[in-house]
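Asks: next come a sequence and a model predicted from it.
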Amino acid sequence: MQKVKSWFRTIDWDYVFSYNTTKNVRIRDRRLGILHWCFLLVALGIIIGEVFYNEQAYNDFDDIEGSVKLELSSPAGGIDTTKLTYCSSSCRNFTLGEPGCNCVYWDAADLLYPETEESAAFITTRATLTNNQRPQPPCSGSVCTSPWTNGTSVGPFYTVAPDQFMLSLDHEMIAPQFYQQDSRSNGGKAEGNSKWTRTSQGLWGQLLDTRGHVLYESPTDGDDVFSLGLLLQAAGVSIDALRDDGGIVRVNVNYGDCRRLIATTLTSALPSRCHALPLGEINYYQYQAQYLPSTTFGVTRTSYESDSDGTSVRDLKNLVGVRLLFRVGGQAGSFSFAAFLQSIMTIFLLFSVASFVVDFLVLYVVPGKQMYRNAKFEISENFHQLRKRLAMEKDTNNRILTVTKMARLQSASHVEKLLTNMKSSLTDNEYELLLLKCIEVYGQEKLDLKSAEAFFDRLESDQSRLKAHVLLGRLKEAYILAAKMDSVADIQTIRAQAGGMNNIRIQQLCDQYLAQRDARPRDAPPPATSPPLNSVAIGGPSQNPLYSEIELRAL
């Protein structure tokens, strides 16, 4: 247990719980400086081009909602029946009941079911008809079967070229959150909110394939019109793959600013038409089609009539085809101060990444990395020890003030008794510092040299004795002791003190000593004896005390 305690005492806990803080160092190296600026310029280009221009990160975004209306029409130039490879060669008129023919020509009204449906459509590719089904008792005894007779079956047969029929698309959008905010700010009225509700009329739109290539561009006015086959091509599937079993194709209509949308979808450069459009507004939309693999789709369509005798007759159509599901989406952007602040934080982050890369190269890669590391990192002073030292200095100052006050008010015997009691709690330096203060008070202020001598006799170090000699005006003894210690700083101090006391002899001795000291080699030992003292005029107490409070604390 004792070993563990000893081990804990040896740990520098200030170092263990130290922390790193930032220190700015200017590295004067043109190679690293140019590299750093290159990284900053790249980061700035990313910020301006991607964050602000394309992503518009200073905006708050609202998800767009909407609906699509679809109409189907026959091809304007008709259909070339010579290229229908899936139809038998015996087809001539492509009508129902034509012997040996497996294809029937249906117009748009027959192909599209139902005729109107919001944001969805079904186009028939294969059909089986069952006509003239008449009602019959469904149950015989305990067994129930169909309530209709089998009727007359026709097919199955393919519809002729459904992929060549034209789709006419019209759609509208709304940004509900922004629209409601504008309505509230406008007193609940919807006028003036056309910025957040738009139709496809007059907007620029494109149909993209799965690789981001443009297959169709919208006209300047009117609905978008393109063939079903082009839409399937955009989805990456052909009509032949869906002819027998059908399938589902999802079509996303995304609204937004063309810069933001095109930058994330197109493989080519941003078109010049996009640069001419207002920044940040809803000015563009895209069609993106996606085929859902391994899906089939079919519907059953019924119609009822009455024959001449009033009996109900049912015609049944089993239809297989392409199911189109439309979804209007995208994002509308409006300036937001909070989003702008996040963009500013992104700027600082990218700039810090540039600095981090250069710092990594400086500290771990480039030649002379240790030199750079020494310039960048610095271990501070032990502030725990500094606080202890400052506290001790404060205590010393308080003791000095206490002793000085007592020395001015009390006799020397009282002060000596106080110092004797305090000595056990003082360091040697603190004790001698208090003695010097007493010598200063009794020797210079009270002119009680006898008491000052009593305190002088308690001094042990030569440095403290030298200071005391100067305080008592005994420059001769101070000079001898300073010369013995070879202390140039003390000799210079004594010379200044002698000048203040007009002691020319001591000044001359100090000048002679300093001249000899300057002429002596730097590493030569001090002389065995100091310059001779014949007759020295010893002055009285100094009128300019040598030691200030700061110097006493430093001692």
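Replies: In hand now; what should we look at? Numbers count the residues shown, from 1 in each chain.

Asks: for the stretch 51-200 of the chain, give me the ranges with low pLDDT.
Replies: The stretch 51-200 of the chain contains residues with pLDDT under 70 at 51-56, 183-194.

Asks: any chance you could map the strands in it?
Replies: All strands of the stretch 51-200 of the chain, identified by DSSP state E, counting those that start in this stretch, fall at 59-63, 65-73, 103-104, 120-133, 139-140, 143-144, 152-159, 166-174, 197-199.

Asks: columns distance to Asp462 on top of those strands, output as JSON lines?
Replies: C-beta coordinates here come from the backbone N, C-alpha and C atoms, glycine included. Below are these laid out as JSON lines (distance: least, Cβ to Cβ, whole Å):
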{"stretch": "strand 59-63", "distance to Asp462": "79"}
{"stretch": "strand 65-73", "distance to Asp462": "95"}
{"stretch": "strand 103-104", "distance to Asp462": "125"}
{"stretch": "strand 120-133", "distance to Asp462": "107"}
{"stretch": "strand 139-140", "distance to Asp462": "133"}
{"stretch": "strand 143-144", "distance to Asp462": "129"}
{"stretch": "strand 152-159", "distance to Asp462": "120"}
{"stretch": "strand 166-174", "distance to Asp462": "96"}
{"stretch": "strand 197-199", "distance to Asp462": "97"}
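
Asks: turn those strands into JSON lines, including distance to Gly222 and mean neighbour count.
Replies: What follows is the strands of the stretch 51-200 of the chain, written out as JSON lines (distance: least, Cβ to Cβ, whole Å; neighbours: other Cβ atoms under 10 Å):
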{"stretch": "strand 59-63", "distance to Gly222": "28", "mean neighbour count": "17"}
{"stretch": "strand 65-73", "distance to Gly222": "12", "mean neighbour count": "18"}
{"stretch": "strand 103-104", "distance to Gly222": "32", "mean neighbour count": "21"}
{"stretch": "strand 120-133", "distance to Gly222": "19", "mean neighbour count": "20"}
{"stretch": "strand 139-140", "distance to Gly222": "57", "mean neighbour count": "9"}
{"stretch": "strand 143-144", "distance to Gly222": "55", "mean neighbour count": "8"}
{"stretch": "strand 152-159", "distance to Gly222": "27", "mean neighbour count": "17"}
{"stretch": "strand 166-174", "distance to Gly222": "9", "mean neighbour count": "19"}
{"stretch": "strand 197-199", "distance to Gly222": "11", "mean neighbour count": "18"}
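
Asks: so how far is Leu434 from Asn398?
Replies: Separation of Asn398 from Leu434 (Cβ to Cβ, to the nearest Å): 11 Å.

Asks: Asp511 too?
Replies: Counting by Cβ to Cβ, the gap from Asp511 to Leu434 is 34 Å.

Asks: please identify which of these two sits among more neighbours.
Replies: It is Leu434, of Asp511 and Leu434, that has more neighbours when counted by other Cβ atoms under 10 Å, with 26 against 13.

Asks: any idea which helix or strand carries the more buried one?
Replies: Using DSSP states H and E, Leu434 sits in helix 428-440.

Asks: and that helix, what does it pack onto?
Replies: On a contact count with 3 or more Cβ pairs under 8 Å, 6 or more residues apart in numbering; DSSP states H and E, helix 428-440 meets helix 383-409, helix 412-422, helix 449-457, helix 462-471, helix 549-554.
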